[in-house]
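Turn this into a structure:
(2 chains)
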Amino acid sequence: MTWQRFLFDLFTYSILLYSLLLILCYFFIAFYSLAAIKKYQRKNSFADFRVLAASDQLPGISIIAPAYNEAANIIENVRSMLSIHYNALELIIINDGSKDDSLQRLVTAYDLYKTNLFINEKIPTKKVRGVYKSNNSVFHKLVVIDKENGGKADALNVGVNIAKHEYIVCVDVDCVLEQDALLKMIKPFLEETKVRVIACGGVVRIANDCKIENGKLMEINLPKSFVPRVQTIEYIRAFLLGRMAWSRLNGLLLISGAFGAFDKDIVLKCGGYNTKTVGEDMELIVRMRRYMEENNLAYSVTFIPDPLCWTEAPGNYTILGRQRNRWTRGTIETLRMHKKMFFNPRYGIMGMVSYPYWFFFEFLAPIIEFLGLASFVIFAFLGLIQWASFFTLLGCILLFGFLYSVFAILMEVLTYNQYKQKDVFKLIVTALLEPFIFHPFVVWAALKGNIDYLRKKNSWGEMTRQGLGAAK
Amino acid sequence: MFKMHTLFVGFFCYVDVYTFMSILYVFLLLLVFLFILIAGLSIYKKKTAHNKTIWQQSITGLISDAIFSEEEEIHVVTTKKMEQLLRKSAFRNCLLNELVKVKINLSGASGQNLKKLYELLNLDTDSYKKLTSSKGHIKAKGVQELAIMEQEKYVKKIFKLTNSNDELVRNEAQCALVGFYGFLGLRFLNVSTLPISQWQQIQLLNKLNKMAATDFEPLNTWLESSNESVVIFSLKLAAYYSCNNMHTAIINCMQNASPQVKLYALKYCKKMPDAACADAIINHYAAADKTYKLAVLDALMITGDETQIPFVTTQLQDEDDEIKSAAATCITALHPSGAAFLQTHNFAEVNPWKAIFLQLKTNRAA
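This is a model prediction of the structure:
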């Protein structure tokens, strides 16, 4: 065996083994999520959320929604959140030093006055300039905080400091929540008797081209343009399959920053959101879990498959690139901060399964994919590729990717069936195109994220949105 | 340079193009299977929806005739078509679901008429069949249907399920008992050994809503239960029904090892203030954790009087700002001068007290 042959074999076998492991993981996730969704749906069919919404026995929830330069839609967004069906609700809007007139608009629309609220700064934050409440008793649930700009994590920490209820729900201010979203989110915290539920995630769905009136979702439509449409499939795959499976395994490491519920006591004990990372949502969950593991406390992080939160997905490649770049940097930062857990049995499932999975198949995947592609070009140039075998293997990989997406679509049809029949067909066609048009871009954006991380770039990246109210 | 005739000839095994072809075929077959499933499922869902639309007319007719019937007995117009439909299990299930949905929102004569219709069409046997199923979710559905349709004749069987290992079945059986007998239906708490989740407790309290109760004697037994969740639920019940003769038993609960039990005992004291409570609350303060201390200060606002002011004032010096704030709020409620009393302290102009007192002053003014 020549050394070239040895190196070639070593490389190709490593890539093959990696791909096989990844495919096995996906098979496992797909089948493991099935039972979790089924169980959830059966259980929830017995709960009458409509009646329970008015109950005064439910624990209080504080919604925390940071806002930065959201003047265009903030009035409608706040109105939408105030109309959510839940008795003991507090809505905290944090104006994170917006450069526009968000605060003034809120003051005028909701008849706000500045109050002398004592803030017990359990988590250190940037300076709070003022706390506002409404003169109008109709808006008694609303609290508006004006603070110096400090980023999303800092704004959320102010909300955690001020929240008066024992559970907090962190949302993006531009999200549209279903009316019974809070009831469904709080249920897992209340029905668990053996362990303490420290956080619960909910499905985020894409609202581009959906009909939204007065902050309420009136009609669900599939996005017309390709970029948000392909993200619809991504989200179905990630939320309906991935997170449900990880939740069943009690190995969930990420709850979307757009919509997640937390046990405030544990959030405070962990020191709140980390302001030094752009992946503050994932980092908080990992830290909360780590706290529970290190203190030998029984806990779980749950996830519910109901589509409860609707958000606008990036509509073009520029914005999408920034988003994926940030996600990659957030993942690397979180993994690095908690590297102690890597294959550390002390951290149970999280240390032995979740963390390694994220390291190998979320963080390393785009790098390995790029290396594979680069090697392929070199091997092809050197004449080392047998093309018949190459195309067969390529077919296998592409087909598996498509298979996984189709399975996710099937699960959607089987469970919530949100889209019309012709839209399901469109989704399948989009899934077929995804590996050729969308996926290479996502890999490229992730690679840029790695490079930016090495360059110590830590900006959020401007996320320009069209606004959901504008959707026709 | 060598050229690969197979894709991989490795150290231990041999993988050629045909292996990958086989995998490709398996994936293709799976894909075809998934397509068939999606198409089949879409057709099935469409067909079910179509059937439901067609049946809806007959079902609405049956239900509205029953609701508005003024006769003692319910009569069903038995056309041939209806007879055929009633033999179909899918139709019966659809009718049953609709009946249950309507019955939840109806009481009085209309509700009773629906119950009669349910019995007339022998739908209780359908529900009972579900009750005897080995699958938990089906069994729970059967219990739910029988409960909503007020089928008390099955109560013995349902009672046995109130301590079932299957959580769904157990919860529905407990709700059914409360649905039948109100507070008296809670007798399952005597034998309940499995935990009753907070969610289930809320559901039960919701079922008890507007159901009158007079004899609260069983609460004393439940407060001494070895099942922690039963004790907590009993404390909630005592507060819910404003039972004003339970203070001694509830003060005893403050010595319970469970922090949750202590917290709910405090909540009762807050709801039903009593002079004995205030002293008992303070007795357990020193060794308690922060959550309990905050709850004590909160409860003292209602249960306490001027005699507790010296104790609460000492809490203004606590290390934790949250406790300082809670103590200040409590003093404002207990002292006749309210927030003005706080300003008499020499530290009133020093932060964090200054900020806390200012907030209380503003709140009072508002």
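
how deep is B:Ala339 tucked in, by neighbour count?
21 (other CB atoms under 10 Å in any protein chain shown). To be clear about C-beta, it is placed using only N, CA and C from the backbone, and glycine gets the same treatment.

element containing A:Val204, please.
Using DSSP states H and E, A:Val204 falls within strand A:196-206.

Would you mind listing the buried residues in that strand?
A:Val197, A:Ile198, A:Ala199, A:Cys200, A:Gly201, A:Gly202, A:Val203, A:Val204, A:Arg205, A:Ile206 (16 or more other CB atoms under 10 Å in any protein chain shown).

Is it possible to get those out as CSV so that each row also shows pLDDT?
Shown next, in CSV, are those (pLDDT from 0 to 100):
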residue, pLDDT
A:Val197, 98
A:Ile198, 98
A:Ala199, 98
A:Cys200, 97
A:Gly201, 96
A:Gly202, 92
A:Val203, 93
A:Val204, 93
A:Arg205, 94
A:Ile206, 94
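
still on that earlier bit, what helices or strands is the helix or strand following the strand holding A:Val204 leaning on?
Helices and strands here follow DSSP H and E; after strand A:196-206, the next one along the chain is strand A:211-213. Judged by 3 or more CB pairs under 8 Å, 6 or more residues apart in numbering or on different chains; DSSP states H and E, the packing partners of strand A:211-213 are strand A:216-219.

looking at it, A:Leu384 is touching A:Leu7, isn't it?
No - A:Leu384 is beyond contact range of A:Leu7, at 10.8 Å (criterion: CB atoms under 8 Å).

Which of these two has more residues huddled nearby?
Neighbour totals were compared for A:Leu384 and A:Leu7, and A:Leu384 leads with 18 against 10 (other CB under 10 Å).

Just say helix, strand or coil for that one.
Three-state call for A:Leu384 (DSSP: H, G, I helix; E, B strand; the rest coil): coil.

For it, give me phi and psi.
Dihedral pair for A:Leu384: phi -90, psi -10, per degrees, to the nearest 10.

Tell me how far it lies from A:Tyr18.
19 Å (CB to CB, to the nearest Å).

Do you know the pLDDT at B:Phe216?
What the model reports as pLDDT for B:Phe216 is 88.

Let's verify the nearest residue to it once chain neighbours are set aside: helix, strand, or coil?
Sequence neighbours aside, B:Cys243 is the residue nearest to B:Phe216 in space, at 5.0 Å (criterion: CB to CB, 6 or more residues apart in numbering or on different chains). At B:Cys243 the chain is in coil, as set by three-state DSSP.

C-terminal to the strand or helix carrying A:Thr392, what's the next element?
According to DSSP H and E, A:Thr392 maps onto helix A:387-414. Downstream of helix A:387-414, the next assigned helix or strand under DSSP H and E is helix A:421-437.

which strands and helices sit next to that next one?
Under the contact rule (3+ CB pairs under 8 Å, 6+ apart), helix A:421-437 is packed against helix A:226-235, helix A:387-414, helix B:17-67.

residues touching A:Phe8, list them.
Contact analysis of A:Phe8 by CB atoms under 8 Å, 6 or more residues apart in numbering or on different chains lists A:Phe379, A:Leu384.

so what's it scoring on pLDDT?
Confidence score, pLDDT, at A:Phe8: 79.

Would you mind measuring from it to A:Ile367?
For A:Phe8 relative to A:Ile367 (CB to CB), the value is 20 Å.

for A:Ile64, helix, strand, or coil?
Taking three-state DSSP, the label given to A:Ile64 is strand.

what does the stretch 351-472 of chain A have sitting close to chain B?
A:382-386, A:388-390, A:392-393, A:395-396, A:399-400, A:402-403, A:406-407, A:409-410, A:413-414, A:417, A:421, A:424, A:428 (CB under 8 Å from any CB of the partner chain).

Please apply the same query to the stretch 1-150 of chain A.
A:2, A:4-5, A:9, A:12-13, A:16, A:42-43, A:45-48, A:51-52, A:55, A:57-58, A:115-120, A:122.

how does it look with 6 Å?
A:Asp9, A:Thr12, A:Tyr13, A:Arg42, A:Ser55, A:Gln57, A:Thr115, A:Asn116, A:Leu117, A:Phe118, A:Asn120 (CB under 6 Å from any CB of the partner chain).

Count residues in the vicinity of the second one, would you?
Residues near A:Thr12, counting by other CB under 10 Å, number 20.

How is it assigned, secondary-structure-wise?
helix.

so where do the helices sit in the stretch 251-400 of chain A?
Using DSSP state H, counting those that start in this stretch, the helices of the stretch 251-400 of chain A run over residues A:264-269, A:280-294, A:317-337, A:348-349, A:355-357, A:364-382, A:387-414.

hang on, I meant the stretch 101-250 of chain B
B:108-120, B:123-131, B:136-148, B:155-160, B:167-181, B:198-208, B:218-222, B:228-240, B:247-253.

Could you do the stretch 51-200 of chain A as well?
Counting by DSSP H, counting those that start in this stretch, the helices of the stretch 51-200 of chain A are A:74-82, A:102-109, A:152-162, A:181-191.

most tightly surrounded among those?
Comparing the helices of the stretch 51-200 of chain A by mean neighbour count (mean count of other CB atoms under 10 Å in any protein chain shown), helix A:152-162 comes out on top with a mean of 25.

Wondering if it reaches chain B at all.
No - Helix A:152-162 is not in contact with chain B by CB under 6 Å from any CB; minimum separation 10.4 Å.

ok, and what's touching that helix?
A:64, A:66, A:92, A:94, A:96, A:119, A:121-123, A:125-126, A:145, A:147, A:170, A:267, A:272-273, A:275, A:280 (CB atoms under 6 Å, 6 or more residues apart in numbering or on different chains).

roughly how far out does that helix sit from the chain middle?
Centroid separation for helix A:152-162 versus its chain: 18 Å, with CA atoms, centre = their mean, to the nearest Å.

re earlier: how much space is there between the residue nearest to B:Phe216 and B:Thr214?
11 Å.

and if you look at A:Lys426?
Applying CB to CB to A:Lys426 and B:Thr214 gives a distance of 63 Å.

out of these two, which sits in the more crowded spot?
Per other CB under 10 Å, whichever of A:Lys426 and B:Thr214 has more neighbours is A:Lys426, with 17 against 8.

do you know how far the nearest residue to the more buried one once chain neighbours are set aside is from A:Ile206?
Leaving out its chain neighbours, the residue that sits closest to A:Lys426 by CB to CB, 6+ apart is A:Leu222, at 5.9 Å. To A:Ile206, A:Leu222 is 9 Å away according to CB to CB.

thinking again about what came up before, is the residue nearest to B:Phe216 in contact with B:Asp215, as I believe?
No - using CB atoms under 6 Å, B:Cys243 makes no contact with B:Asp215, being 10.7 Å away.

of the two, who's got more company?
The neighbour comparison of B:Cys243 against B:Asp215 (other CB under 10 Å) goes to B:Cys243, with 20 against 8.

per-residue pLDDT, that one?
90.

who in the stretch 251-366 of chain B is up against chain A?
Residues of the stretch 251-366 of chain B lying near chain A (CB under 6 Å from any CB): B:Asp321, B:Glu322, B:Ser325, B:Ala355, B:Ile356, B:Leu358, B:Gln359, B:Thr362.

Determine the set of other helices and strands touching the helix or strand hosting the third one.
Counting by DSSP H and E, the element that carries B:Ser325 is helix B:321-334. For helix B:321-334, the helices and strands in contact under the criterion 3 or more CB pairs under 6 Å, 6 or more residues apart in numbering or on different chains; DSSP states H and E are helix B:290-303, helix B:309-314, helix B:353-365.

This completes my enquiry, with thanks.
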